[in-house]
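K.L.:
generate coordinates for the sequence data below:
(2 chains)
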Number of protein chains: 2
Amino acid sequence: MPTNTLLAVDQNTITDVALEQMSTTANPRLKQIMDSLVRHLHDFAREVDLKPEEWLEGIKFLTAVGQTCTPNRQEFILLSDTLGLSSLITSLHDERTRDSSSTTASLLGPFYRQSSPQKALGDSIVANPGVAEIAVYGRVTDAQGRGIPNASVEIWQTDDEGVYDLQKEADLVDARGQFHADAEGRYWLRTVTPLGYLIPMDGPVGDMIRAQKRHGYRPGHIHFLISAPGYREVITALYMGYDDHIGSDTVFGVRAPLVVKIDEKDPKCPIPGLKSIHFDFQLAAASSDGSGRVGADPSQILKK
Amino acid sequence: MPTNTLLAVDQNTITDVALEQMSTTANPRLKQIMDSLVRHLHDFAREVDLKPEEWLEGIKFLTAVGQTCTPNRQEFILLSDTLGLSSLITSLHDERTRDSSSTTASLLGPFYRQSSPQKALGDSIVANPGVAEIAVYGRVTDAQGRGIPNASVEIWQTDDEGVYDLQKEADLVDARGQFHADAEGRYWLRTVTPLGYLIPMDGPVGDMIRAQKRHGYRPGHIHFLISAPGYREVITALYMGYDDHIGSDTVFGVRAPLVVKIDEKDPKCPIPGLKSIHFDFQLAAASSDGSGRVGADPSQILKK
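P.N.:
Numbers count the residues shown, from 1 in each chain, chains lettered A, B, ... in the order given. Prediction:
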């Protein structure tokens, strides 16, 4: 269409006019994503008959979300999490790539860090476990239930007061570690019962959560990243079934197969004398699919 | 629903689960807007089967848009503009509030400032008009075509090289002014022919425009804000019909009724010897509707 042809732009034709102008997009996948995004964005505005002053409130909100991001904080991921988008992306990825029996994924969250202290099987990941100490054990297997020798088990969580190491001090490393399974794929370690916590409420997402009269809590959980050469990595978390917020996670990460209980006296627990959680992780064979990490180290996002 | 009931969350149920958690929102309009937004956001992600690494690219993009905003630059409004959303909001507002015959609205844009130099009818708004000088004249009337005495006519535009005063120096005031119509609603003034220009291309929105292989230009135009007590203010712009980009405005602001030509020798022009544009503005009676300004002074958005 020659650029000097005048187009009839109104509240209905604008969508096709915009899509036509974007039709030159070189990357077909980018074109497909932007086409769908623009159609849904316009349909949304028409559906609610969005007023200029409401549009401006939206602009102000998104600007504040962007300006709240720092190398230690990712407010846009928090927004995606609290709108259920991150949970949806995780499920879509699982549906696309997971074997029917392999472990369900959950969100990576903002507290994963790449370099975790190396631990030996049976070690504690917590410097001062105190009375809240528990054992976590199980196996890492393939789709046929065969143990994966030497599988990597990365684990991170809050302390028993609901706080991550990084939230106390930027350089503190605690309540996280990397283990390697034994020759039969077994792992066992010591930690503490994690406590649920309030998401960061001092930014624009917190304002939204308050306006929606949501409680803002996540139930207590333990993060895991399980990987082994030749298998698809699984990012997941185990959720404490007894937590009051187990059915109303503010970021919608809980999945029924990931809800666990703490056993008072499990005779099979390889660390005697401790309450314990037993969970087996099952990995699918590696595929050519890209990253399944719904989350990222915030410092990597602000990097140019 | 009690918070300790475990919910079945998957790629299809997540939308209802999220809407249920937001159902406590106190303000019914906010609830309506967020419900529609979440449904469309989730439908978009399902429709394109958005992958984790694509989601992360989106997070990075939105973060960069937010971090590019300053008191002198509003990258989120630029994004809204280039996706056609601002144009759509303008049309919805017009449809909701405009009389059938009153002047069509256009975008406020990022270069409006509240304090404009006061001018007398016939004055030039440009310090050094040179050879590009033209006249603009017409009437401001009500829905019955009766002149509105003393109506305010605010005007701002680029110079004849496509640059706004604020883009040259933050404190420079040129090519803008406020006039008041005479007792019969007539206005006349001198300015220069505006030149089209490239939107700011050095930020993330510029990256998007390049990836979409769009030219990034706006056709030459003159902004107006027309107001009078008892009437709905009209924010609009007159577009230069001869401009090569008149049919492909990057921000979709052009509307057919706002396209004008420059008359070589109009005998009715009240300023003899100049080429001229003749345009009559018609205002609707005031309604209780809120602001129709699709745009804002960027310095007001970053203010807490």
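K.L.:
quick one: contacts of the lengthiest helix in chain A?
P.N.:
With DSSP state H applied, the helix covering the greatest number of residues in chain A is identified as helix A:28-48. Contacts made with helix A:28-48 from outside it, assessed by C-beta atoms under 8 Å, 6 or more residues apart in numbering or on different chains, are listed as A:11-12, A:14-15, A:18-19, A:22-23, A:25, A:50, A:55, B:32-33, B:36-37, B:40-41, B:43-44, B:47-48, B:50, B:54, B:83-85, B:88-89, B:92, B:211-212. Just so you know, the C-beta spots here come from the backbone N, C-alpha and C atoms, and that holds for glycine as well.
K.L.:
show me what counts as buried in it.
P.N.:
A:30-31, A:33-48 (16 or more other C-beta atoms under 10 Å in any protein chain shown).
K.L.:
so how far is it off the chain centroid?
P.N.:
In terms of C-alpha atoms, centre = their mean, to the nearest Å, the centre of helix A:28-48 is set 25 Å apart from its chain centre.
K.L.:
ok, now stretch A:249-266?
P.N.:
Computed by C-alpha atoms, centre = their mean, the separation of stretch A:249-266 from the middle of its chain amounts to 15 Å.
K.L.:
now do stretch A:195-209
P.N.:
For stretch A:195-209, the gap between its own C-alpha mean and the chain's C-alpha mean amounts to 16 Å (C-alpha atoms, centre = their mean).
K.L.:
buried by neighbour count: which residues of it qualify?
P.N.:
Neighbour counts using 16+ other C-beta under 10 Å place A:195, A:196, A:197, A:199, A:200, A:203, A:204, A:205, A:206, A:208, A:209 of stretch A:195-209 among the buried residues.
K.L.:
thinking again about what came up before, CA atoms only: put the longest helix of chain A into PDB for me.
P.N.:
Listed next in PDB are the C-alpha coordinates belonging to helix A:28-48 (Å, rounded to 0.1, in the frame of the first residue of the first chain):
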ATOM      1  CA  PRO A  28       7.900 -14.500  11.300                       C
ATOM      2  CA  ARG A  29       7.700 -15.600  14.900                       C
ATOM      3  CA  LEU A  30       8.000 -11.900  16.100                       C
ATOM      4  CA  LYS A  31       5.300 -11.000  13.600                       C
ATOM      5  CA  GLN A  32       3.000 -13.700  14.900                       C
ATOM      6  CA  ILE A  33       3.500 -12.700  18.500                       C
ATOM      7  CA  MET A  34       3.100  -9.000  17.900                       C
ATOM      8  CA  ASP A  35       0.000  -9.500  15.700                       C
ATOM      9  CA  SER A  36      -1.700 -11.500  18.500                       C
ATOM     10  CA  LEU A  37      -0.600  -9.000  21.200                       C
ATOM     11  CA  VAL A  38      -1.900  -6.000  19.300                       C
ATOM     12  CA  ARG A  39      -5.300  -7.700  18.600                       C
ATOM     13  CA  HIS A  40      -5.700  -8.600  22.200                       C
ATOM     14  CA  LEU A  41      -4.500  -5.300  23.500                       C
ATOM     15  CA  HIS A  42      -7.000  -3.500  21.200                       C
ATOM     16  CA  ASP A  43      -9.900  -5.900  22.000                       C
ATOM     17  CA  PHE A  44      -9.200  -5.300  25.700                       C
ATOM     18  CA  ALA A  45      -9.400  -1.500  25.300                       C
ATOM     19  CA  ARG A  46     -12.600  -1.800  23.200                       C
ATOM     20  CA  GLU A  47     -14.200  -4.300  25.600                       C
ATOM     21  CA  VAL A  48     -13.900  -2.100  28.700                       C
END
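K.L.:
any idea of the mean pLDDT for that helix?
P.N.:
Mean pLDDT, helix A:28-48: 98.
K.L.:
beyond it, next helix or strand please.
P.N.:
Past helix A:28-48, heading to the C-terminal end, the next element that is a helix or strand (DSSP states H and E) is helix A:52-68.
K.L.:
which strands and helices lie in contact with that following helix?
P.N.:
Contact here means 3 or more C-beta pairs under 8 Å, 6 or more residues apart in numbering or on different chains; DSSP states H and E; on that basis helix A:52-68 packs against helix A:75-82, helix A:204-211, helix B:52-68, helix B:75-82, helix B:85-97, helix B:298-301.
K.L.:
which stretches in chain A count as strands?
P.N.:
Taking DSSP state E, the strands of chain A run over residues A:133-141, A:152-157, A:176-180, A:186-192, A:197-198, A:217-218, A:221-227, A:234-240, A:259-260, A:276-278, A:281-282.
K.L.:
and the fourth one, what other elements does it pack with?
P.N.:
Put plainly, it is strand A:186-192. Using 3+ C-beta pairs under 8 Å, 6+ apart as the contact criterion, the neighbours of strand A:186-192 among helices and strands are strand A:133-141, strand A:152-157, strand A:176-180.
K.L.:
so which residue of chain A comes closest to chain B?
P.N.:
Nearest to chain B, among the residues of chain A, is residue A:66, at 0.9 Å (C-beta to the nearest C-beta).
K.L.:
count the neighbours of that residue for me.
P.N.:
By other C-beta atoms under 10 Å in any protein chain shown, the residues close to residue A:66 number 21.
K.L.:
and if you look at residue A:10?
P.N.:
In terms of burial, residue A:10 registers 17 neighbours under the definition other C-beta under 10 Å.
K.L.:
get me the contact residues on the stretch 51-200 of chain A for chain B.
P.N.:
Applying C-beta under 8 Å from any C-beta of the partner chain, one finds that the stretch 51-200 of chain A approaches chain B through A:51-56, A:59-60, A:62-67, A:69, A:74, A:76-77, A:80, A:83-93, A:95-96.
K.L.:
if I look at the most centrally placed residue in chain A, how far off is residue B:107?
P.N.:
To find the centre residue of chain A, average its C-alpha atoms and take the closest one (C-alpha atoms, centre = their mean): that gives residue A:107, at 1.6 Å. Residue A:107 sits 38 Å away from residue B:107 when distances are taken as C-beta to C-beta, to the nearest Å.
K.L.:
the closest residue in space to residue A:55 that isn't next to it in sequence: what's it in contact with?
P.N.:
With C-beta to C-beta, 6 or more residues apart in numbering or on different chains as the measure, residue B:89 is the residue that lies nearest to residue A:55, at 4.8 Å, once sequence neighbours are left out. With contacts defined as C-beta under 8 Å, 6+ apart, residue B:89 is in contact with A:45, A:50, A:51, A:52, A:55, B:80, B:294.
K.L.:
what angle do the longest helix of chain A and helix B:52-68 make?
P.N.:
Here helix A:28-48 points in a direction 60 degrees away from that of helix B:52-68 (axes from the mean of the first three to the mean of the last three C-alpha atoms, to 10 degrees).
K.L.:
okay, how far is it across stretch A:162-171, tip to tip?
P.N.:
18 Å (C-alpha to C-alpha, to the nearest Å).
K.L.:
count of residues packed around residue A:8?
P.N.:
Other residues near residue A:8 come to 10 when the count uses other C-beta under 10 Å.
K.L.:
that one reaches residue B:256, doesn't it?
P.N.:
Yes: in this structure, residue A:8 is within contact of residue B:256 by C-beta atoms under 8 Å, at 6.4 Å.
K.L.:
for residue A:95, give me the pLDDT.
P.N.:
We have a pLDDT of 88 for residue A:95.
K.L.:
hmm, residue B:14 and it touching each other?
P.N.:
No: assessed by C-beta under 8 Å, residue A:95 is found out of contact with residue B:14, at 11.8 Å.
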